[in-house]
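Visitor: Build me a model:
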Amino acid sequence: MSRREADLLLYGASEVATPVGPAPLTGRRLGQLRVIKDGAVAVKDGRIVAVGRTDELRRSFTAEEELDVSGQTVVPGFVDAHTLLVFASEGFRPEELRMKIEGLSYMEILARGGGIMKTVRATRAAPEGQLVRECLERLDLMLLHGTTTVEAKSGYGLTVEDELKCLRALRRADEAHPVEVVPTFLGAHAVPPEYEGHPWDYVELVVSEMLPKVAEEGLAVFCDVFCEKGVFTPEQAREILSAGLKHGLRPKIHADEFSDTGGARLAAELRAASADHLLCSSEEGLRAMAEAGVVGVLLPASPLTTMLGRFADARRMIELGVPVALGTDFNPNCPVENMQLVISLACYCMKMTQAEALAAATLNAAHALGLSDRLGSIEPGKKADLVVLDVPGHEHLGYRLGTNLVRHVVKSGVLVVENGELIY
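Guide: You can find the predicted model right below:
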């Protein structure tokens, strides 16, 4: 029998470990991985063509390039379902760690003109080219830690031109980098100082000027709102997200992070792609999300860096049937580029199993971005986004803390990280 041709064959894996669709995975299905011992993956034209045991695939395929991954574990590329990737580096806020240690809350720092507003001032002053360069540097770090697809929000411009500038920078970064960038418009991240006391006037600006221009240039896939006490009310969030829908942007929502504002219920009402954070969501809101199929994107690094002393109740969400995904929430308040750390925090702080956390960081995260039909798992027909971990089994992911386990990364069938170094 003649052998089929492949571009790349990974073989000899101690494990190939992957969630299996259809997405999203809920309840017990979240923790049910397909694990192949002595596994192999064949890739052709950027897509996975076969997954199985090494002896079977080596008999069936001849490959232009072979990668011996003996003793290592192959998992899907990580999908980071929530970041604020684009901001000026001058907008990092290391001084705020001391403020938090001294007892100031996130919202108190914001009220003093720090937090988001410091980063807004820096980002408004930065040229687009600088934002592109800095996005590319951050994407390199993410890729080295195994992230192959990332959702990226604007939100540090808060004027028409500066929000467009940020989204254009994201588009340019996506075009220049192997990591796939999925853009989200977050013009409603905060009410800027020039609209202080007049939040509805700012909502009108977002609805009547920002959204039409974002849609006209095709700069975003999603529209998001920070729905929180002291930021945007559920009524204001509904106004913005409904307007976004009219422009073809699917809704996402920062929901119930510091208090139960009804964000989870609003996400269910609008059938949002996801509701993110969810630390304070009511049982009613979570049940509504489960019924509507809204993904709960959990961000355990965020309450860690904000020093909230609590985490989202992942176990209850899984019991209720909410599709759970993970993200870093990378931003100046949560400077975490590493999805491996997030997976560990999901295990240690939210009591998710390693298998659940892996599925939440891959297939379910892809579903939160509307991409689970083409990436997020190691299955024939899917994009060949693969991470090779230098450990003998997937349960080391989540268990191991503070170490980059990534040996190789394949993005769309191309080896882009080899032996821990960028080669694209």
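Visitor: What are the boundaries of the strands in the stretch 51-200 of the chain?
Guide: Taking DSSP state E, counting those that start in this stretch as the test, the strands found in the stretch 51-200 of the chain are 61-68, 73-76, 78-80, 147-153, 180-188.
Visitor: among those strands, which is nearest residue 391?
Guide: strand 73-76 (5.6 Å; CB to CB). No exception for glycine: its C-beta is placed from N, CA and C like everyone else's.
Visitor: Run a quick neighbour tally on residue 139.
Guide: Residue 139 has 23 neighbours, counted by other CB atoms under 10 Å.
Visitor: I'd guessed it sits against residue 179; true?
Guide: Yes: counting by CB atoms under 8 Å, residue 179 is a contact partner of residue 139 at 4.7 Å.
Visitor: Tell me the residues that contact both of these two, please.
Guide: Taking CB atoms under 8 Å, 6 or more residues apart in numbering as the criterion, residue 139 and residue 179 both touch residue 150.
Visitor: quick revisit: columns distance to residue 373 and mean neighbour count on top of the strands of the stretch 51-200 of the chain, output as CSV?
Guide: Shown next, in CSV, are the strands of the stretch 51-200 of the chain (distance: least, CB to CB, whole Å; neighbours: other CB atoms under 10 Å):
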stretch, distance to residue 373, mean neighbour count
strand 61-68, 25, 16
strand 73-76, 14, 28
strand 78-80, 13, 32
strand 147-153, 13, 30
strand 180-188, 14, 26
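Visitor: Find the residue at the geometric middle of this structure.
Guide: residue 81 (1.8 Å; CA atoms, centre = their mean).
Visitor: phi, psi of it?
Guide: phi -90, psi 0 (degrees, to the nearest 10).
Visitor: can you list the domains in the chain?
Guide: When the chain is parsed with automatic domain parsing, its domains come out as 4-76+377-422, 79-368.
Visitor: starting at the chain centroid, how far to the shortest one?
Guide: Read that as domain 4-76+377-422. Centre-to-centre, domain 4-76+377-422 and its host chain are 20 Å apart (CA atoms, centre = their mean, to the nearest Å).
Visitor: what's the span of that domain from first residue to last?
Guide: By CA to CA, to the nearest Å, the extent of domain 4-76+377-422 from end to end equals 30 Å.
Visitor: got it, and the longest one?
Guide: This stretch, domain 79-368, spans 10 Å end to end (CA to CA).
Visitor: mean confidence score for it?
Guide: Average pLDDT, domain 79-368: 97.
Visitor: Over to the shortest one?
Guide: For domain 4-76+377-422, the mean per-residue pLDDT is 97.
Visitor: For the strands of the stretch 51-200 of the chain, give me JSON lines that also has distance to residue 368.
Guide: What follows is these, written out as JSON lines (distance: least, CB to CB, whole Å):
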{"stretch": "strand 61-68", "distance to residue 368": "30"}
{"stretch": "strand 73-76", "distance to residue 368": "14"}
{"stretch": "strand 78-80", "distance to residue 368": "8"}
{"stretch": "strand 147-153", "distance to residue 368": "8"}
{"stretch": "strand 180-188", "distance to residue 368": "10"}
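Visitor: now for the ones you listed, which one comes closest to residue 415?
Guide: It is, among the strands of the stretch 51-200 of the chain and with distance given as CB to CB, strand 61-68, at 7.1 Å.
Visitor: Which elements pack onto that closest one?
Guide: strand 4-18 (3 or more CB pairs under 8 Å, 6 or more residues apart in numbering; DSSP states H and E).
Visitor: neighbours around the residue nearest to residue 176 when sequence neighbours are not counted, how many?
Guide: Of all residues not flanking residue 176 in the chain, residue 136 sits nearest, at 6.2 Å (CB to CB, 6 or more residues apart in numbering). Residues lying near residue 136 (other CB under 10 Å) number 15.
Visitor: And for the one 4 residues further on?
Guide: By the other CB under 10 Å criterion, the neighbourhood of residue 140 contains 17 residues.
Visitor: give the contact list for it.
Guide: Shown in contact with residue 140 (CB under 8 Å, 6+ apart): 177, 422.
Visitor: rewinding a little: which one of the domains of the chain is the most hemmed in?
Guide: domain 79-368 (a mean of 22; mean count of other CB atoms under 10 Å).
Visitor: Neighbours of residue 423, how many?
Guide: When counting by other CB under 10 Å, one arrives at 11 neighbours for residue 423.
Visitor: how near is it to residue 140?
Guide: Remark: distance between residue 423 and residue 140 (CB to CB, to the nearest Å) = 12 Å.
Visitor: can you give me the helices for the stretch 1-150 of the chain?
Guide: Assigned by DSSP state H, counting those that start in this stretch, the helices in the stretch 1-150 of the chain fall at 54-60, 95-101, 106-111, 116-125, 128-144.
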